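*Asks:* Prediction below, plus the sequence it came from.
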Amino acid sequence: MRFSDILASIIHDMKNSLGMVINTLDELVIENEYRENDKLSTLQHESKRLNNNLIALLSLYKIENEQLDANIEEISIDDFLEEIVADNQTIARTKGVRLDYQCEDALTGYFDEWLIRGVINNLIGNGLRYTSSRISIYAEMIEDYLVFNIEDDGEGFPPSMIEAQTAFNRNKSLSEGHTQLGIYFASMVARTHKNGDKEGYVKLANKQRLKGGCFSIWLP
Amino acid sequence: MSFKQNPLEKKAYLIVDDFGDMRSMIKNMLMACGVRDISLAINGAEALASMETRRYDVVLCDYNLGPGKDGQQVLEEAKHRHLIGLGCVFLMVTAENTREMVMGAVEYEPDSYLTKPFNKDLLKTRLEKLIAKKQDLLPVEQAMAKQNHLQAIKILDAKIAQKPPNSNELRKIKGEIWLAASETAQAREVYKTVLSIRDMPWARLGLGKTLYLDKRYAEAQEAFQTLIDHHQSYTAAYDWLAKTYKRLNQLDAAQKTLQTATKISPKAVLRQQMLGEIALQNKDDQVAEAAFTKAVKHGRHSVYRHPSNYANLAKIAAVTKKGDAGLKVLKDMKREFGKDPHAHLYMATAESVIHETMGNSKASKASLERAADIYQTLDHHTTTDCSIEMAKAYSNIGMTDKAVDLLQNTVLNNHSDEALMDEIKDAMVTMDLQEEALGSVDTIRQEIASLNKRGVELARNGKLEDAISLLEKSSEQMPGNKVVNLNTALVLLMDMERKSLSAEGVDKIRVYLERVKKVDPDNLTLNKLQNRLKSAIRTTEQEA
């Protein structure tokens, strides 16, 4: 067994334990009738982030090992985003953040539901740290691409990150400084989405619809 | 203020999980959604037993259920045994990425996969969507269950015309219906429409299947190969590629293809069985032994458990290891299958082969005699696999005449069953029997086909009496042959419609239809003839 295989199987096990932790915390929040509780909210937020990161690690492991090609399906965007928002609503509410989404009713997309769900959950998790009061997901078709924009009303991305973005779309290497696993993961996943000779990518910007940062995933 | 009916509330739920905390957690979530009718099961056997006693609207089943059946096997058996209705939502709960399961599934897929951890809100949203979708597609499934393909297509077309977001999903079902009805041109049309919108692997697979069904094997081979090149874990594409290689007589390539597929999803019993059988033909004992070992191991709790896998494993073990190893497999088999005569026939034939391998001719003959006794008690029209197994056993001890006789009869009675004819040809390869020994499977088939054609032509030219005497005589020779029986019934009915209906004549027609019903109750021509007979009877009654 290679070390990376051992690592992957340990991560599976960690995820199972964490799953129980997250569910128990959700129950506690409900028992508390969503009353503000900073400690509970921190626990909830951090365990969710941990889970999202483990999913990211597992997916990256599989992408690197070429065990994974995107399982492209036809997906109703409205249904998809409704679920994601439902999944993250409890925690957003305890942090006092408004979480919503916007898209046309009949919008359909072609992508790997499991992978993109992982990426968006990860971005929401990060967003909850930096936003001041709101996170919105906007989905739209721009030319031949389906675009998910995850926006917040916080301070926005620092200029250095926006400048560095061509690097993580072209190279596989992580940019220096903090790990930025989220961005790396998102761009790797975007790239497994191909249609004809087009390939998915990610984009960072500030002050789009909301005044904070805007992370976009472009899928052909 | 208006109260909207909560679609989740008035349904019956079954939660299957071996983990107590998880069961109560899901139960709590459902109760928080207003659900009251919730049953629990701690393993697959308990779940199936529970489904036998009552109907559930929603089954939430964990994939990993500890020892015994896994979630996929629960689903397969529930569907196979019709324990869950068409409107039932089956939700598979999994610990992690489900890609391997999705891609590895051979026949049945759950309605959705739910990855742990999930919370109440997500579960509620998902269930609402699934229940609505099931409701929407129920008329299609009902039409399909009644074998009314055209009605199902009509409903789907009406839905697609409204351009819903899931129109390609509807087209996928439409394509499968056309394929099931062997309407390849129509199916091709559907898949081409999808591919013009988006390059979807299932549409490419569908297109390949139409080529295969049209016997355009070289093109089919290329289609499946291209698909695999782009989607390396799409195991269904490997199955079809292997089937195509078989038709092209490239058994080595077929074996290699299945070996790759079983590496991706080792638990699919049918795939391991297919690999084992091809390896046997290739005389690759090592691969065959490994494949049958896995087919037996993973099939133990599966509805796809088949005695032939045990018998084949026993026979090979006797060769690669020693005779006792083979006999030990048979002992296990006896313990697992109990009194099932179907299994006992396989035990007896395998025993005969093993004794022969061990040089004990007398014991071998005795076992074969026991097999022959069991064979006499079975219905040969529904257990054609036993006829082939018997033939193999006879040929193994040099009784080639008996073997040829059995196979010839099977061909005569089932000449239109493509898959069975392939099995017979495969069996002849493993028996080292020349095709000529049988008078060539294809020649026999051609003779029957031209005989049928002559009968129908005579009828069409108004020579009904000649047609009747020709077809009646043939169905005497091959009473199990579907096409001959159907044609005989048809010409008799045509004759009666022209003259007048008699009770005696109706009974005669029913005998022929009954024979077909026994082996193929869903046969489209059979359904048409049954309806035609009914309306003829009705008209006569009205006139009288």
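*Replies:* That came in fine, so what should we check first?
*Asks:* Which helix or strand lies directly C-terminal to the worst-scoring helix or strand of chain B on mean pLDDT?
*Replies:* Lowest on mean pLDDT, DSSP states H and E among the helices and strands of chain B sits helix B:99-104, with a mean of 56. Using DSSP states H and E, the helix or strand that follows helix B:99-104 in sequence is strand B:112-115.
*Asks:* Tell me the helix or strand right after that next one.
*Replies:* Assigned by DSSP H and E, the successor of strand B:112-115 is helix B:120-145.
*Asks:* And the strands in chain A?
*Replies:* Using DSSP state E, the strands of chain A run over A:73-76, A:98-102, A:108-111, A:134-142, A:145-152, A:194-195, A:198-199, A:201-206, A:213-219.
*Asks:* no no, the stretch 201-350 of chain B
*Replies:* Along the stretch 201-350 of chain B, no segments are classed as strands by DSSP state E, counting those that start in this stretch.
*Asks:* how far away is the closest residue to chain A within it from A:Asp112?
*Replies:* Evaluated by CB to the nearest CB, the stretch 201-350 of chain B has B:His231 as its residue closest to chain A, separated by 5.9 Å. Bear in mind the C-beta positions are built from the backbone N, C-alpha and C, glycine included. Going from B:His231 to A:Asp112 by CB to CB, to the nearest Å gives 12 Å.
*Asks:* domain ranges for chain B?
*Replies:* Segmentation of chain B into domains, based on automatic domain parsing, reads B:13-144, B:147-214, B:448-543.
*Asks:* Format those domains as JSON lines; extra columns: distance to B:Phe292 and mean neighbour count.
*Replies:* Below are the domains of chain B laid out as JSON lines (distance: least, CB to CB, whole Å; neighbours: other CB atoms under 10 Å in any protein chain shown):
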{"stretch": "domain B:13-144", "distance to B:Phe292": "17", "mean neighbour count": "19"}
{"stretch": "domain B:147-214", "distance to B:Phe292": "26", "mean neighbour count": "18"}
{"stretch": "domain B:448-543", "distance to B:Phe292": "28", "mean neighbour count": "17"}
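*Asks:* What sits closest to B:Asn527 if chain neighbours are left out?
*Replies:* B:Gln147 (6.0 Å; CB to CB, 6 or more residues apart in numbering or on different chains).
*Asks:* Please name whichever of the strands of chain A is nearest to B:Thr53.
*Replies:* strand A:73-76 (35.6 Å; CB to CB).
*Asks:* Select the helix or strand of chain A having the lowest average pLDDT value.
*Replies:* Result, chain A / mean pLDDT, DSSP H and E: helix A:165-170, a mean of 63.
*Asks:* if we can go back for a sec, closest to B:Gly359 out of the strands of chain A?
*Replies:* The closest of these to B:Gly359 is strand A:73-76. By CB to CB, the value is 58.1 Å.
*Asks:* low-confidence ranges in chain B?
*Replies:* Where chain B drops to pLDDT under 70, the residues are B:1-5, B:96-107, B:381, B:434-440, B:544.
*Asks:* residues from it in reach of chain A?
*Replies:* Contact residues, chain B versus chain A (CB under 8 Å from any CB of the partner chain): B:21, B:25, B:28, B:32, B:95-99, B:102-103, B:115-122, B:124-126, B:129, B:163-166, B:168-169, B:198-201, B:230-233.
*Asks:* residues in chain A within reach of chain B, list them.
*Replies:* Proximity of chain A to chain B, by CB under 8 Å from any CB, involves residues A:12, A:15-16, A:18-20, A:22-23, A:26-27, A:30, A:51, A:58-59, A:62, A:67-69, A:71-72, A:74, A:76, A:78-79, A:82-83, A:86-87, A:89-90, A:105-108, A:110, A:114, A:195-196.
*Asks:* residues making contact with stretch B:42-59?
*Replies:* Residues external to stretch B:42-59 that are found in contact with it (CB atoms under 8 Å, 6 or more residues apart in numbering or on different chains): B:11-14, B:16-18, B:20, B:23, B:39, B:41, B:61, B:65-66, B:68-71, B:73-74, B:77-78, B:81, B:83-85, B:87-91, B:127, B:131, B:301.
*Asks:* scratch that, stretch B:70-79
*Replies:* Stretch B:70-79 is touched from outside by B:16, B:44, B:47-48, B:51, B:59, B:61-65, B:69, B:83-84, B:90, B:92-94, B:101, B:105, B:107-108, B:110, B:267, B:301-304, with contacts defined as CB under 8 Å, 6+ apart.
*Asks:* Noted, bye for now.
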